[in-house]
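Trainee: could you work out the structure for the sequence below:
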Amino acid sequence: MTVLRYIVPPEADGQRLGIFLRTQGVTAALIKSVKYNGDGFFADGAPLHTDQPVHPGQQITFALPPEPSTSVTPQPVPFAIAYEDEFAAVLEKPAGIAVHPTLNYPDGTLANGWLYHLQQQGKTGVFRPVNRIDKNTSGLVLCAQNSFAAPLLADSAQKCYLAIVQGILPLGPGQVEAPIARRGDSIIGRCVREDGKYSLTRYNVLGVGTGHSLVACTPCTGRTHQIRVHMAYIGHPLAGDTLYGGSDSILSRHALHCAVLRFTHPVSKQAIRIQSKLPPDMATLAHSEGLFNNWDLQEL
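Mentor: Numbers count the residues shown, from 1 in each chain. The predicted structure follows:
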């Protein structure tokens with residue numbers, strides 16, 4: 001059972017408990033759930049209703065309600081855990097594994113693997129990915145361990161991807177600011193179009209080879225396939241990305257890896273940075289073209 005604790009500061013004197021909790025990042029939905037589905041709220045161990053005032057120095061506590069049931073079946077699925085505590089987990093997903101069950105991928109997903117991991121620890125829970133990456137994108141996925149942490153992690157998460165694109169780009173920073181819309185000839189495809197949603201990708205070219213460039217990409221908006229669409233739009237599709245004009249002669253999947261993930265811890269407020277090195281397929285291509293010469297993952 002996860003119990004949250006807050007000390008009421010002087011400036012919150014007289015605030016109603018419900019308002020005080022909202023200032024601490026507790027959502028209205030969670031307050032309602034604790035009130036009706038949990039054990040309620042306490043001030044220095046005594047029950048306190050959400051419409052009652054709080055006072056300086058009081059310790060406000062409440063237990064998070066039980067997790068809802070899930071229909072996802074625990075299954076052994078290969079992935080690594082880069083970070084894990086009571087509130088957040090960062091998983092390293094290999095390419096070829098979907099994040100969550102869908103009609104096309106009903107099992108064998110990261111969600112199935114996470115529930116198996118919990119089961120092996122004698123725990124139950126649900127899978128709450130804060131960021132989702134494509135099936136054939138590898139790298140870091142941030143997950144919330146409970147309903148309290150989910151919105152706070154979502155608000156603070158920042159991702160940096162490493163992409164290997166076709167062609168030679170000038171070294172240094174750049175950006176693509178172009179609206180993205182659904183592509184008419186494809187269920188999943190996207191394209192740059194005037195009537196699309198505003199989209200911005202900032203990038204930094206880290207290394208160039210004979211036919212490819214290594215690019216660190218930060219999606220400032222969260223559109224489907226954003227990096228893949230934007231790189232193709234400027235004439236440099238990702239290696240292996242046949243959906244957007246790339247060639248699969250060297251790489252059998254699009255060369256995209258979520259390499260750095262930053263977030264603020266929902267309780268300690270500590271800034272956390274997790275990194276993940278390139279997987280073997282992308283690393284082999286990068287080494288073959290000398291793309292590792294001028295950059296350090298620690299700098300991203």
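Trainee: the residue nearest to the spatial centre of the chain: what secondary structure?
Mentor: Note on the chain: the residue nearest the mean C-alpha position is residue 131, at 2.6 Å, using C-alpha atoms, centre = their mean. Three-state call for residue 131 (DSSP: H, G, I helix; E, B strand; the rest coil): coil.
Trainee: for the closest residue to it other than its chain neighbours, name its beta-bridge partners.
Mentor: What sits nearest to residue 131 in space, not counting adjacent residues and going by C-beta to C-beta, 6 or more residues apart in numbering, is residue 142, at 5.3 Å. C-beta: built from backbone N, CA, C; applies to glycine. Listed beta-bridge partners, residue 142: residue 90 (assigned using DSSP bridges).
Trainee: pretty sure residue 142 sits against residue 155.
Mentor: No - here residue 142 does not reach residue 155: they are 11.8 Å apart, not a contact under C-beta atoms under 8 Å.
Trainee: those two - which one has more neighbours?
Mentor: Set residue 142 next to residue 155 and count neighbours by other C-beta atoms under 10 Å: residue 142 wins out with 27 against 12.
Trainee: list the contacts of the more buried one.
Mentor: Residue 142 makes contact with 88, 89, 90, 129, 130, 131, 153, 157, 261, 263, according to C-beta atoms under 8 Å, 6 or more residues apart in numbering.
Trainee: again, only this time at 10 Å
Mentor: 82-83, 88-91, 128-132, 153-154, 156-159, 258, 261-263, 272, 274 (C-beta atoms under 10 Å, 6 or more residues apart in numbering).
Trainee: show me where the stretch 151-300 of the chain has helices.
Mentor: For the stretch 151-300 of the chain, the helices defined by DSSP state H, counting those that start in this stretch cover 226-233, 280-288.
Trainee: hey, which of those is tucked in deepest?
Mentor: When these are scored by mean count of other C-beta atoms under 10 Å, the highest mean neighbour count falls to helix 226-233 (a mean of 24).
Trainee: give me the mean pLDDT for it.
Mentor: Throughout helix 226-233, pLDDT has a mean value of 98.
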